[in-house]
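> here is a sequence together with a model predicted from it:
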Amino acid sequence: MHGIRAVLLLLVAAARATEITLCTDYACASIDVCVSPNRDVWMHMSLLALALVAANTSSEAVRRFDLASVTVPTGVVLEVCSPDFALALQLGQYACDSAALSLQTVPGPQHTAGLSEDRRMQMVRYVFAEGYACGLQVEAGWTLEPANAGLQRQVSCARPVENGHFDAGCRLVCAEDFTARNGSCVSSCAEEAVLCGPRQHASSRCELVAGSRYTCVDCEVRAGFALQPWQAPSALECVHAACPEGTYSVHGECHACPVNSVSNGTHPCLDCHTTASLHAPEVERK
């Protein structure tokens, strides 16, 4: 008996995701719900006799068709009942014994044992759970669950995504110049600025179909030089222009010296009467 039960356990473990496994104490039968034409049809276990893996036993007391346990896959609802034995003896037909109130529902995924302890459950009927079917074709904005299974249902993944959409299989597809990241479509460039400021230059540039994007940083101020306004052709450079004589630089801008003073651009203006090293035309005092 222990050897027989070990064989039955192996059969149950080997059941595929589309198979219902029906076991008596001595044998098991399987129904592939994606192949069988008997969905939503009551069947007596005797109809599955050819599929039964019978055990070697000489006991005449075996209730061969009494269900002991069932294994039901995801997406299937199994119903079991006790047959009307009087009808079976009189007419050779099997139907549930409605008077016995013996109907029991087993939704998948589930393994249930002890089915015939109170009543002799020998009738089975299965249907698909709501939304489940075999051989579904996935549509855009939907995915199939469970993955890689014959019996599946479609689950919507269609939610609004800025600059993207979901394709068949719920893969996020982003628009041009955007990259999928954490369920969203973000710019393919980390840089966000379209233009840099007047006293900045780009430390990096990212080329997009829609145009360039820049990471902008401040330029270094150099004494005696004025910073030139940022321009795209020289985006990665700080352009300095020397301040002309008679001017001086302050924060990257050239300023004219006061009357009767002079500078070569690199230091503050000096009074013309106090320096001999810098010369500027004498401007008559008013």
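All right, it came through fine. Numbers count the residues shown, from 1 in each chain.
> quick one: end-to-end length of stretch 242-262, please.
For stretch 242-262, the first-to-last residue distance is 15 Å (CA to CA, to the nearest Å).
> buried stuff in that stretch?
Neighbour counts over stretch 242-262 (16 or more other CB atoms under 10 Å) mark C243, G246, T247, Y248, S249, G252, C254, C257, S261, V262 as buried. No exception for glycine: its C-beta is placed from N, CA and C like everyone else's.
> helix, strand or coil for the fourth one?
Read it as Y248. strand (DSSP: H, G, I helix; E, B strand; the rest coil).
> export the buried residues of stretch 242-262 as TSV, with columns for distance to Q110 and pLDDT.
Formatted as TSV, those follow (distance: CB to CB, whole Å; pLDDT from 0 to 100):
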residue	distance to Q110	pLDDT
C243	86	86
G246	94	79
T247	89	83
Y248	88	81
S249	83	83
G252	76	85
C254	85	87
C257	93	84
S261	97	78
V262	97	75
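> show me which of these is closest to V72.
Using CB to CB, G252 comes nearest to V72 of the buried residues of stretch 242-262, at 77.9 Å.
> any chance you could map the strands in the stretch 51-200 of the chain?
69-72, 76-81, 104-107, 110-113, 123-128, 132-134, 142-145, 151-156, 164-166, 172-174, 178-181, 184-187, 200-208 (DSSP state E, counting those that start in this stretch).
> export the ones you listed to JSON lines and tack on mean neighbour count, mean pLDDT and distance to R222?
Shown next, in JSON lines, are these (neighbours: other CB atoms under 10 Å; pLDDT from 0 to 100; distance: least, CB to CB, whole Å):
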{"stretch": "strand 69-72", "mean neighbour count": "22", "mean pLDDT": "90", "distance to R222": "80"}
{"stretch": "strand 76-81", "mean neighbour count": "22", "mean pLDDT": "91", "distance to R222": "78"}
{"stretch": "strand 104-107", "mean neighbour count": "15", "mean pLDDT": "84", "distance to R222": "78"}
{"stretch": "strand 110-113", "mean neighbour count": "14", "mean pLDDT": "85", "distance to R222": "78"}
{"stretch": "strand 123-128", "mean neighbour count": "20", "mean pLDDT": "92", "distance to R222": "77"}
{"stretch": "strand 132-134", "mean neighbour count": "17", "mean pLDDT": "90", "distance to R222": "73"}
{"stretch": "strand 142-145", "mean neighbour count": "18", "mean pLDDT": "80", "distance to R222": "59"}
{"stretch": "strand 151-156", "mean neighbour count": "18", "mean pLDDT": "84", "distance to R222": "61"}
{"stretch": "strand 164-166", "mean neighbour count": "17", "mean pLDDT": "85", "distance to R222": "46"}
{"stretch": "strand 172-174", "mean neighbour count": "16", "mean pLDDT": "88", "distance to R222": "43"}
{"stretch": "strand 178-181", "mean neighbour count": "15", "mean pLDDT": "84", "distance to R222": "39"}
{"stretch": "strand 184-187", "mean neighbour count": "16", "mean pLDDT": "84", "distance to R222": "34"}
{"stretch": "strand 200-208", "mean neighbour count": "16", "mean pLDDT": "81", "distance to R222": "13"}
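> out of those strands, which comes closest to C28?
Nearest of the strands of the stretch 51-200 of the chain (CB to CB): strand 69-72, 8.8 Å.
> so how far is that closest one off the chain centroid?
Computed by CA atoms, centre = their mean, to the nearest Å, the chain-centroid distance of strand 69-72 equals 32 Å.
> adjacent strands (with direction) for that strand?
Partner strands and pairing direction for strand 69-72 (DSSP bridges) are strand 19-23 (antiparallel), strand 110-113 (antiparallel).
> then it to CSV, C-alphas only?
The C-alpha coordinates for strand 69-72 follow below in CSV (Å, rounded to 0.1, in the frame of the first residue of the first chain):
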residue,chain,number,x,y,z
SER,A,69,-7.7,13.5,-3.8
VAL,A,70,-7.6,16.0,-6.6
THR,A,71,-5.0,18.5,-7.8
VAL,A,72,-6.5,21.5,-9.7
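> offset the numbering so it begins at 439, please.
Happy to do that; since the first residue is 439 now, the last one works out to strand 507-510.
> okay if I get the strands paired with strand 507-510 as CSV plus distance to Q666?
Converted to CSV, those look like this (distance: least, CB to CB, whole Å):
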stretch, distance to Q666
strand 457-461, 77
strand 548-551, 76
